[in-house]
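Colleague: structure for the following, please:
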Amino acid sequence: MAELLGTHNYQLDPKGRISLPGRFREALADGAYLTLGQDGCLFCFPRAEWEDRSNEVRAAPISDTEGRAYARMFFGNAEPVDLDSQGRLVVPQRLRQQVAIGKEVVVVGVQDRMEIWDREAHERYLDAFGGAYQAGTLYPRRPG
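Modeller: Numbering: from 1, shown residues only. All right, here's what the predicted structure looks like:
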């Protein structure tokens, strides 16, 4: 599977479609799933990655309160999507409204998923975390 990498700026057309880089189109050619992301964006998973992530979410026992809540948010906001013949992705209005995506969008490849951000929200995110990353003080948590 192609890696989804890089940051790309686009404009939504009047029908809520965005063009995608060729590498992203290739990764999403078999279909994709959009869902409510975290930090104010939408997550877009290629079909194979969606299946892996779905299995992770389903692994939480039904008796786990947080697991149920996460599954409701993750699956309850999900939409299967396909690229049109010109390689554009339609972002459903319901999801655009949930994260306040306007006309100017940023598409970020995060290796196994694509994120769709409102441009201003993405700039605020970069302002909040970019300095710590560049200074070397932002570290990912290690499992366990």
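Colleague: quick one, longest helix in this protein?
Modeller: As assigned by DSSP state H, the longest helix anywhere in the chain is helix 119-135.
Colleague: least confident secondary structure element in this structure?
Modeller: Sorted by mean pLDDT, DSSP states H and E, the helices and strands of the chain end with helix 22-27, the least confident at a mean of 90.
Colleague: and it, what does it pack against?
Modeller: Using 3 or more C-beta pairs under 8 Å, 6 or more residues apart in numbering; DSSP states H and E, the elements in contact with helix 22-27 are strand 4-11, strand 104-111. Every C-beta, even on glycine, is put in place using the N, C-alpha and C of the backbone.
Colleague: residues contacting that helix, please?
Modeller: Helix 22-27 is contacted from outside by Met1, Ala2, Glu3, Leu4, Leu5, Pro46, Leu83, Gly87, Val107, Gly109, Met114, using C-beta atoms under 8 Å, 6 or more residues apart in numbering.
Colleague: the last one: neighbour count?
Modeller: If I follow you right, that is Met114. 29 (other C-beta atoms under 10 Å).
Colleague: coming back round to it: most packed of the helices and strands packed on helix 22-27?
Modeller: Greatest average neighbour count among the helices and strands packed on helix 22-27 goes to strand 104-111 (a mean of 18), per mean count of other C-beta atoms under 10 Å.
Colleague: going by contacts, tell me the helices and strands next to that strand.
Modeller: Helices and strands in packing contact with strand 104-111 are listed as strand 4-11, helix 22-27, strand 114-118, helix 119-135; criterion 3+ C-beta pairs under 8 Å, 6+ apart.
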